[in-house]
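what's the 3D shape of this:
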Amino acid sequence: MVHSAYDSFQLVNNSPTKIDAIESYGATLLLSCSDGSLKIYGPESSAGETRSPTSDFHLQALELKKEPYVLERTINGFSKKPMLAMEVLKSRELLLSLSESIAFHRLPSLETLAVITKAKGAYAYSWDERRGFLCFARQKRVCIFRHDGGRGFVEVKEFGIPDTVKSMSWCGENICVGIRREYMILNATNGALSEVFPSGRIAPPLVVSLPSGELLLGKDNIGVFVDQNGKLLQEGRICWSEAPAAVIVEKPYAVGLLPRHIEIRSLRSPYPLIQTVVLRNVRRLLQSNHVIIVAEDNSVYGLFPVPLGAQIVQLTASGDFEEALALCKLLPPEDSSLRASKEQSIHIRYAHHLFENGNYEEAMEHFLASQVEITYVLPFYPSIILPKSSVMPEAEKYTDITGEAPDFSRGSSGIRGDTVLLKKPLLRELRRLFLMLSEIIMYLMEPSRSKKASKGRSNIPISSVARDMAATLDTALLQALILTGQSSAALELLKGLNYCDVKICEEFLQKRNQYVCLLELYKYNAMHREALKLLHKLVEDSNSDHPPPELTQKFKPEMIIEYLKPLCGTDPMLVLEFSMLVLESCPTQTIELFLSGKIPADLVNSYLKQNAPNLQATYLELMLAMNENSISGNLQNEMVQIYLSEVLDWYADLNSQQKWDEKTYSPTRKKLLSALDSISGYNPEVLLKRLPPDALYEERAILLGKMNQHELALSIYVHKLHVPELALSYCDRIYESRLQHSAKSSGIYLTLLQIYLNPRKSTKNFEKRISNLTSSQSPGIPRLGPGTGKTKGRLSKKIAEIEGAEDARTSPSGTDSGRSDGDGDGDGDGDGDGDDVSEEVTSNIMLDKVLDLLSKRWERINGAQALRLLPRDTKLKNLLPFLGPLLRKSSEANRNFSVIKSLRESENLQVKDELYKQRKNIVKITSDSMCSLCNKKMGTSVFAVYPNGKTIVHFVCFKDSQNMKAVVKGSPLRKR
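Numbering: from 1, shown residues only. Have a look, this model is predicted:
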């Protein structure tokens, strides 16, 4: 886009003679005219000042002034032939002139310092200011001279080239020459030539050195950029409207002298045309500091650069924002604040322009570069609902360089509805902007971040402005992520520290069925009840036969348990309330939740009892199965009571239908029997009172066993249930438990023998005994007597002697009375139940069961007592399975003891023999024998010999040494 980069101003008008060459020195113009004279012009404002001859050019440090110039003086005969070029060598205070030859003149006096005669006929040259090297071309030769620092120049090299040089320039330590048909790089050291590319066919070659050290080579109307080695650069090409005769590079522009005008183009690709200056018959184009001098036949113009600020305003007003931003970067460092404000204003206006034209990605780039607040950008998106906050964009804060504040109200972009938000690239750029601003928000919140969100959002000590900004940012970012299909990123946002507006985000997520994000929103804001209600609904919907189509994933009951885990320590009642929903479907995980969360079992049970009594037993079962020690005796008792209540209801129902059978087992009854048998925390007396008198005998037997009423328990197994196997198993358990506690254990089997041998009591009497038992806490339970008297036969006497001999070695008592732990001190007839005995109904004894018991458990039964209980008419052959192993065991024990006795006697003899050997040692005392303690001769004194048989000491010395040891050890012997 065209704008005014330079202002044209006529410095010299109507020169009397034609101008051949021109140069500037400070604020002075040097004009070489066709008559051979050198005319010196100065600013009109300083024409009246008086100066000494040596200070004619005191203004050399100044720049050209934008005012008319007047002739100050003329030096005639300055050159004999027309001047081809002039150049001021500033670092050496010299003026180089190319005419008939190359001459050097001292400044400011213009005294001729040196003339290079070898340069006669030269038509092109190039000066290396840094090294003081001069190269020039004449005919087909290139010569190189070096300034020696004084008045002369020293020739360095001379090389031949293929054709006449039209243009040349130093490029580093080499020389780029443009001959008639091509460009070449000449090595200034060895003269080697390397081709670059052919030159144009219309215009002569043109070599222009750039400030960066690179070159611009002309090919007709195209300018090509190459490096110092002649390799093409990727910056592109400048396309002039015509082939330029001369080019000057003054960043950020390139100025070309064309036949009919002067073109000014930007150095930024694609090198657009910036300005055209119409001047005809231009002979020379010269750069002087920042001013470009244009010389016509009789006039001189100056192209003065327009201030960058004014150019930026022009470009911004005309909509050329890219060029305006490029010019902002050229503002001097001391104007950094001005530069920043201008760049921000241009970025904002450019973003508005791009947004209105649908270039959303680029618009977001420039909003991001402008560093505007998020509240400035968000109103462009009508579908993003923002929270009501005190953070509002200030229009005057972003006043642009034209003094106007841009309109950023909702819908100002001209885009209607949600079409803007449907552009994914747009929202992707918006997210980048949000992420950048997130860093600012997090920086503002840094002092509070160490406390983390777990401390509660109310504990974060940040300003209300920062909080409002954070809420706006997070709320908008969440909506943008959901609208662009980035649910996973939205979920990560909600899991971290965020300030999303709960009400707005809740409605937004519900509307779009983003249930996972909604759950995380509830969780972060401690809205656990709402989250659990939603999660329960989602679980039910997922498990239904026809789940809603909006459910994109399956929700499982385990998700409720995972949600409840962190809440066990803070809100156990909420955990209990919602754990009931999954206790049946996930029992093990729910119990693990209670255990890991350390929720008291009593509290859980109490809650279940009030709100879900049907789940109470399930909970207690699982607790007991996972950890028996985790529930107290009260809970165990309650579990058994629940089982018993269900069993009693079940029994009443069957009994009313006359379908009751003692051998019928429901699942609950099996659980009751297992619980009664395996746990011990319940109260058996209380449970026994609840049992019906004519049913549930197996439960009654277990309870009686827990009360140590073994006789009654065994009577039930044998006479009520008619299952002797259960009675035997019962005896085994009692025997093994007593054996572990080193108690007498064989009596329980004798009690079972008594039950087998004694007649059963009537049902009425049995119920009476049970009633008496339950009516007292510690009643005396009558024990069945022997009933058959004592057996005095020879065989029983022999067995009694055998058993008595064995028991004498192991126990002082020798026998077990056979009473249960609850028996009284008297026999079966002396416990106050005389009426019971009179009501007994005699029947055949269970001799087969007796013999079977004796054969199976012979090693656990006291043989003597068992034989006393047997009837007299018992056949000996029937007792062989019992007496055979018993006698073998007794004989084996007798033999073992005999062997042990012999071994001990042998060991005793060996010890005695060793003692005799030790006593046979002889100690010979002579007149030379010395005491090992006092080192004196033994003489006739009493002596002592140490166990080794060689060391002898005085007995007095030995006694003193023993006393000293006692003193050292602190023994009481020291007092002796």
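
what residue ranges in the stretch 201-350 of the chain score low on pLDDT?
Within the stretch 201-350 of the chain, no stretch has pLDDT under 70.

what ranges do the helices span in it?
Ranges of helices in the stretch 201-350 of the chain, per DSSP state H, counting those that start in this stretch, are 308-318, 321-328, 336-356.

Could you dump the ones you listed into TSV with mean neighbour count and distance to Glu577 added?
C-beta: built from backbone N, CA, C; applies to glycine. Listed next are these as TSV, based on neighbours: other CB atoms under 10 Å; distance: least, CB to CB, whole Å:
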stretch	mean neighbour count	distance to Glu577
helix 308-318	19	65
helix 321-328	21	62
helix 336-356	19	51
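
Tell me the strands beside the helix or strand harbouring Ser167, with direction?
In the assignment (DSSP states H and E), Ser167 maps to strand 165-171. When pairing is defined by DSSP bridges, strand 165-171 lines up against strand 174-179 (antiparallel).

Quick one: name whatever helix or strand follows the strand it pairs with.
Assignment by DSSP H and E places the next element after strand 174-179 at strand 182-187.

Show me what counts as buried in that following strand.
Buried residues in strand 182-187, counted by 16 or more other CB atoms under 10 Å: Tyr183, Met184, Ile185, Leu186.

Read off the pLDDT value for the third one.
Ile185 is assigned a predicted lDDT (pLDDT) of 94.

just curious, which of the buried residues of strand 182-187 is nearest to Pro684?
For the buried residues of strand 182-187, the minimum distance to Pro684 (CB to CB) is 114.4 Å, reached by Ile185.

now the closest one: how far from Ser167?
To Ser167, Ile185 is 13 Å away according to CB to CB, to the nearest Å.

residues contacting Cys328?
Cys328 makes contacts with Leu308, Ile312, Arg339, Lys342, Glu343, Ile346, as judged by CB atoms under 8 Å, 6 or more residues apart in numbering.

The same query, at a cut-off of 10 Å, please.
Contact analysis of Cys328 by CB atoms under 10 Å, 6 or more residues apart in numbering lists 308-309, 312, 315-316, 335, 338-347, 401.

Repeat that for Leu258.
Leu258 touches Asn221, Trp240, Ser241, Glu242, Ala243, Pro244, Ala245, Ala246, Thr276, Val282, counting by CB under 10 Å, 6+ apart.

Of those, keep whichever come out buried.
By 16+ other CB under 10 Å, these give Asn221, Trp240, Ala243, Pro244, Ala245, Ala246, Val282 as buried.

can you list those residues in TSV and add distance to Lys912?
Listed next are the buried ones among the contacts of Leu258 as TSV, based on distance: CB to CB, whole Å:
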residue	distance to Lys912
Asn221	138
Trp240	137
Ala243	141
Pro244	139
Ala245	143
Ala246	140
Val282	147
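
In strands, which of those appear?
Members of those lying in strands (criterion: DSSP state E): Ala246.

Tell me the one among the buried ones among the contacts of Leu258 nearest to Ile75.
Using CB to CB, these come closest to Ile75 at Val282, 24.8 Å.

quick one on the thing from earlier: just so I know, which of the helices of the stretch 201-350 of the chain lies nearest Ile734?
Nearest to Ile734, of the helices of the stretch 201-350 of the chain and by CB to CB, is helix 336-356 at 92.4 Å.

what angle do the closest one and helix 321-328 make?
170 degrees (axes from the mean of the first three to the mean of the last three CA atoms, to 10 degrees).

and the next element down the chain from helix 336-356?
Downstream of helix 336-356, the next assigned helix or strand under DSSP H and E is helix 360-370.

Check which helices and strands that next one sits against.
If contacts are counted by 3 or more CB pairs under 10 Å, 6 or more residues apart in numbering; DSSP states H and E, helix 360-370 sits against helix 321-328, helix 336-356, helix 374-377, helix 424-444.

quick one: average pLDDT of it?
80.

how about the helices in the stretch 801-950 of the chain?
Counting by DSSP H, counting those that start in this stretch, the stretch 801-950 of the chain has helices at residues 834-838, 847-856, 863-869, 880-919.

if we take the contacts of Leu258, which one ends up nearest to Asn14?
Distances from Asn14 to the contacts of Leu258, taken by CB to CB, are shortest for Val282, at 16.3 Å.

residues in contact with that closest one?
Val282 neighbours (CB under 10 Å, 6+ apart): 245-246, 257-262, 294-297, 299, 301.

Mark which of these are buried, thanks.
Ala245, Ala246, Leu257, Leu258, Ile262, Val294, Ala295, Glu296, Ser299, Tyr301.

Quick check: the fourth one vs Arg106, distance?
Taking CB to CB as the measure, Leu258 falls 37 Å from Arg106.

Please apply the same query to the second one.
Summarising the geometry, the distance separating Ala246 from Arg106, computed by CB to CB, is 28 Å.

Give me the average confidence score over stretch 467-480.
For stretch 467-480, the per-residue pLDDT averages 82.

Show me the shaky parts of this protein.
1, 48-62, 374, 389-463, 627-631, 740-746, 759-844, 968-976.

can you tell me which of the helices of the stretch 201-350 of the chain comes nearest to Tyr522?
helix 336-356 (35.7 Å).

Now flag whichever of the buried ones among the contacts of Leu258 is closest to Lys920.
Distance to Lys920 across the buried ones among the contacts of Leu258 (CB to CB) is lowest for Trp240, with 138.7 Å.

Pull the contacting residues for the closest residue to the closest one other than its chain neighbours.
Once flanking residues are discounted, Trp240 sits nearest to Asn221: 4.6 Å by CB to CB, 6 or more residues apart in numbering. By CB under 10 Å, 6+ apart, the contact set of Asn221 is Gly200, Ile202, Ala203, Ile238, Cys239, Trp240, Ser241, Glu242, Ala243, Pro244, Gly256, Leu258.

again, only using 7 Å
For Asn221, the contacting residues are Cys239, Trp240, Ser241, Glu242, Ala243, by CB atoms under 7 Å, 6 or more residues apart in numbering.

go on, Val196?
By CB under 7 Å, 6+ apart, the contact set of Val196 is Tyr183, Met184, Ile185, Leu217, Val226, Gly230.

Wait, a helix at it?
No - going by DSSP: H, G, I helix; E, B strand; the rest coil, the assignment for Val196 is strand, not a helix.

Report the separation between it and Ile185.
Between Val196 and Ile185 the computed distance is 6 Å (CB to CB).

Return every residue with contacts to both of these two.
Overlap of the contact sets of Val196 and Ile185 (by CB under 7 Å, 6+ apart) consists of Gly230.

coming back round to it: and the buried ones among the contacts of Val282 as CSV, adding distance to Gly949?
Shown next, in CSV, are the buried ones among the contacts of Val282 (distance: CB to CB, whole Å):
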residue, distance to Gly949
Ala245, 136
Ala246, 133
Leu257, 135
Leu258, 137
Ile262, 136
Val294, 137
Ala295, 140
Glu296, 144
Ser299, 146
Tyr301, 140
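
from the buried residues of strand 182-187, which single one is nearest Ser729?
Proximity of those to Ser729 (CB to CB) peaks at Ile185, which lies at 112.8 Å.

these two touch, right, that closest one and Asp227?
No - shown here, Ile185 and Asp227 do not form a contact pair, counting by CB atoms under 7 Å, at 10.2 Å.

and for these two, which residues touch both?
Counting by CB under 7 Å, 6+ apart, Ile185 and Asp227 have no shared contacts at all.

Tell me who's in contact with Ala114.
Counting by CB under 7 Å, 6+ apart, Ala114 has contacts Phe104, Arg151, Gly152, Phe153.

Let me fix that, I meant to ask about His147.
Arg92, Gly132, Phe153.

Quick check: phi and psi at it.
Note on His147: backbone dihedrals following degrees, to the nearest 10 are phi -70, psi 130.

separation between the nearest residue to Leu338 once chain neighbours are set aside and Ala369?
Nearest non-adjacent residue to Leu338, counting by CB to CB, 6+ apart: Leu331, 6.5 Å away. Taking CB to CB as the measure, Leu331 falls 16 Å from Ala369.
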